[in-house]
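1. okay, predicted coordinates and the sequence, questions at the end:
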Amino acid sequence: MMGLRRASFLRIMGGGMAAFALPALHERALASDVVEYTLTATRRRFSPVPGISFDALAYNGTIPGPVLRVALGQRFRAKYINKTNVSTSIHWHGMILPNAMDGVVGVTQKGVAPGSSFKYEFTAGPAGTRWYHDHDFNEGTLRGLFGMIIVEDPRDDKPDAEFALVFHDVPRMATIGQAMRGVSHAPMIDPMGSPELLNMASDDKMGDEVAYLAHCINGAAYPNTKSLKVAVGQKVRLRILNANVTQTRYVRLAGHKLRVTHADGNALAQPLAVDALRIGIAERYDAWFEVTRPGAWLLHGISADPLSYEQAVVVYTDGMEHATPMGNSQSLEGVDYFTYENAAGLSSGAFSAKAAVSQAYTIGGGVFGSDRWTLNGKIYPQTEKIFVHRGDSVIVRFKNTTDMDHPMHLHGHTFNIVEIDGKALLRPMAKDVSLVRANNGTLAWQFDATSPAGRWLLHCHNDIHMMDGMMTEVVYR
């Protein structure tokens, strides 16, 4: 783990791919007990818009990588071949799998060296929208090594049409190193009315911001994104991933409400209809809409960036492919967007259940000019680990003393968000990433230590914060 701050972070990514229209999952050979893939990482030149070109990395030549599909309980095998010029791995984000298959270099496996290969194999689960990405402490995810994997849930309602949408962005290379040193002057691009802007003090310098040159969906920037054709009367399912490594994304479909049914692939206790999604780094949401009339509409990211128009696709009915699509304001003011509290409901009191293991973390650091993002004042690997025995009930509490939300992710487990700002959730929300609110916000997880034994990473999914030390581990004794 000595290379966490290596200079290779100064080289960044790109991407290029069409929108993913998903056939029925049953069309894959479900008669077989095993599904097999080969993923080959290579270098490629990527130009999402004219005048921008990157020395990117790609799975099977595409950015994002191919959508992988497997049935719940099916045996999943992936032969990974690294033909890039750097060490890489694959982390199967959201999967509960043998520890040796988790893909974290320096923790669960050695990096797959250039010219080498590695076989990942596990039984697919839990069901839902998951994703995969590089987890060598290197440049792989930044340069394009990420994609979506879907584990079919036989209990799910079947849509009339389904699309996988990966939101990702092309950073300005020089700002990565500046952000890691805490001296970036890149502006915030969050939309008006967002918590990100409301949380910031007027004199905050925000030295960890990364600037972006282009904004993409499935490897293309609007107007070159592939349009999504639907039909009147259809019920459409969207599987949406925020693969940006530093920023929350807001997503809205003009003229429609989105009915959210799953968070990080896990079914909500009650679906929630909203105007827009708030998607933290690495989060996924499944959202449905019904096509009630002919038309053309923009599904797009909401942002204050002048280039925000690039992160959009057109949704249209037959005969409307050349119509001017309906759009939305780039502001969140007056917009009903998805929050954990709205989806789960809040009680009047705190969460009071007992657990065999309890751990509290104070999130800190990140002042201008600092390269330290901390848990209880320490950076990894000095951070306090959580030691568990199999079968333990575990509660983890976070208090965020910084002025930005942090997307905290636990490998190899699904946890329940059980408390936010001192109030228990009426319907605990199953997730694998959760945003912890800024300015002394608190949030609590509960999970059972029933995953395979080993070392499971717990970290902020903002790559700058993770690489600057905001990590720890859950360790089975």
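-> Structure's in. What do you need? Predicted, not measured: the structure shown is a model, and the values here were computed from it.
2. for the most centrally placed residue in the chain, pull up the helix or strand it's in.
-> Most central in the chain under CA atoms, centre = their mean is Ala282, positioned 1.2 Å from the mean C-alpha point. Element membership for Ala282, per DSSP states H and E: none, as it lies in no helix or strand.
3. show me where the stretch 51-200 of the chain dips below the pLDDT cut-off.
-> Counting by pLDDT under 70, the stretch 51-200 of the chain has no low-confidence residues at all.
4. ranges for the helices of it?
-> Secondary structure of the stretch 51-200 of the chain by DSSP state H, counting those that start in this stretch: the helices cover 140-143, 174-180, 195-198.
5. ranges for the strands of the stretch 251-400 of the chain?
-> In the stretch 251-400 of the chain, the segments counted as strands under DSSP state E, counting those that start in this stretch are 258-263, 266-274, 276-279, 284-290, 296-301, 312-317, 357-365, 373-375, 386-388, 393-400.
6. for Ser117, what are its contacts?
-> Neighbouring residues of Ser117 by CB atoms under 8 Å, 6 or more residues apart in numbering: Lys79, Tyr80, Ile81, Asn82. In short, each C-beta sits where N, CA and C put it, glycine included.
7. most neighbours among those residues, which one is it?
-> Asn82 (27 neighbours; other CB atoms under 10 Å).
8. any idea what the nearest residue to it once chain neighbours are set aside is bridged to?
-> The shortest distance from Asn82 to any non-neighbouring residue, by CB to CB, 6 or more residues apart in numbering, is to Val112 (4.5 Å). Note on Val112: beta-bridge partners Thr88, judged by DSSP bridges.
9. so which of the strands of the stretch 251-400 of the chain gets nearest Pro50?
-> strand 312-317 (17.4 Å; CB to CB).
10. contacts for that closest one?
-> With contacts defined as CB under 8 Å, 6+ apart, strand 312-317 is touched by 19, 165, 217, 222, 225-232, 253, 291, 294-301, 321, 323, 325, 327.
11. those residues, buried ones only, as a PyMOL selection?
-> Typed into PyMOL, the line below selects the buried ones among those, using 16 or more other CB atoms under 10 Å:
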select buried, resi 19+165+217+222+225+226+227+228+230+253+291+295+296+297+298+299+300+301+325+327
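12. which one's the longest strand in the chain?
-> In the chain, taking DSSP state E as the definition, the longest strand is strand 34-46.
13. which residues touch the nearest residue in space to Val230 that is not next to it in sequence?
-> Spatial nearest neighbour of Val230, excluding adjacent residues (CB to CB, 6+ apart): Val291 at 4.9 Å. For Val291, the contacting residues are Val230, Ala231, Val232, Gly233, Gln234, Lys235, Val236, Thr317, by CB under 8 Å, 6+ apart.
14. gap between the closest residue in space to Pro187 that isn't next to it in sequence and Pro48?
-> Leaving aside its sequence neighbours, Pro187 sits nearest to Glu209 (CB to CB, 6+ apart; 6.9 Å). In this view, Glu209 and Pro48 are 20 Å apart by CB to CB, to the nearest Å.
15. you'd agree the residue nearest to Asn82 is up against Ser89?
-> Yes - under the criterion of CB atoms under 8 Å, Val112 makes contact with Ser89 at 5.8 Å.
16. so the two - more neighbours on which side?
-> Ser89 (27 against 23).
17. tell me how far Thr42 lies from His256.
-> 38 Å.
18. whoops, Arg43 was the one
-> 40 Å.
19. settle it for me: which of the two has more neighbours?
-> For Arg43 versus His256, the count of surrounding residues by other CB under 10 Å is larger for His256: 21 against 15.
20. and the residue lying farthest from the centre of the chain, what does it touch?
-> The C-alpha centroid of the chain is most remote from Gly319, which lies 34.7 Å away (CA atoms, centre = their mean). Counting by CB under 8 Å, 6+ apart, Gly319 makes contact with Pro294.
21. next: the one 4 residues further on.
-> Ala323 sits next to Gly295, Ala296, Tyr316 when contact means CB under 8 Å, 6+ apart.
22. if we can go back for a sec, gap between the nearest residue to the residue nearest to the centre of the chain once chain neighbours are set aside and His135?
-> Distance criterion CB to CB, 6+ apart; nearest residue to Ala282, sequence neighbours excluded, is His461 at 4.2 Å. Distance from His461 to His135, counting by CB to CB: 11 Å.
23. ok, those two, which is more surrounded?
-> Between His461 and His135, counted using other CB under 10 Å, the more crowded position is His135 (26 against 23).
24. I'd guessed that one sits against Gln109; true?
-> No - taking contacts as CB under 8 Å, His135 lies outside contact range of Gln109: 9.2 Å.
25. could you find the closest non-adjacent residue to Glu333?
-> That would be Gly193: by CB to CB, 6+ apart, it lies 3.8 Å from Glu333.
26. tell me how far that neighbour lies from Ile302.
-> Distance, Gly193 to Ile302, using CB to CB: 9 Å.
27. higher neighbour count, these two?
-> Taking other CB under 10 Å, Gly193 and Ile302 do not tie; Ile302 has more neighbours (25 against 17).
28. ok, now which ones touch the more buried one?
-> By CB under 8 Å, 6+ apart, Ile302 lies in contact with Pro191, Tyr250, Val251, Arg252, Ala276, Ser308, Asn328, Ser329, Gln330, Ser331, Leu332, Val335.
29. make a PyMOL selection of the buried ones in the residues you listed.
-> In PyMOL, a selection of the buried entries from the contacts of Ile302 looks like this (16+ other CB under 10 Å):
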select buried, resi 191+250+251+252+276+308+328+330+332+335
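30. wait, which of the strands of the stretch 251-400 of the chain is closest to Ile176?
-> Nearest of these to Ile176, taken as CB to CB: strand 373-375 at 14.9 Å.
31. give me the mean pLDDT for the closest one.
-> Across strand 373-375, pLDDT averages out at 98.
32. quick check, distance from it to the centre of its chain.
-> 20 Å (CA atoms, centre = their mean, to the nearest Å).
33. just name whatever secondary elements that strand is in contact with.
-> Under the contact definition 3 or more CB pairs under 8 Å, 6 or more residues apart in numbering; DSSP states H and E, strand 373-375 sits against strand 357-365, helix 463-467.
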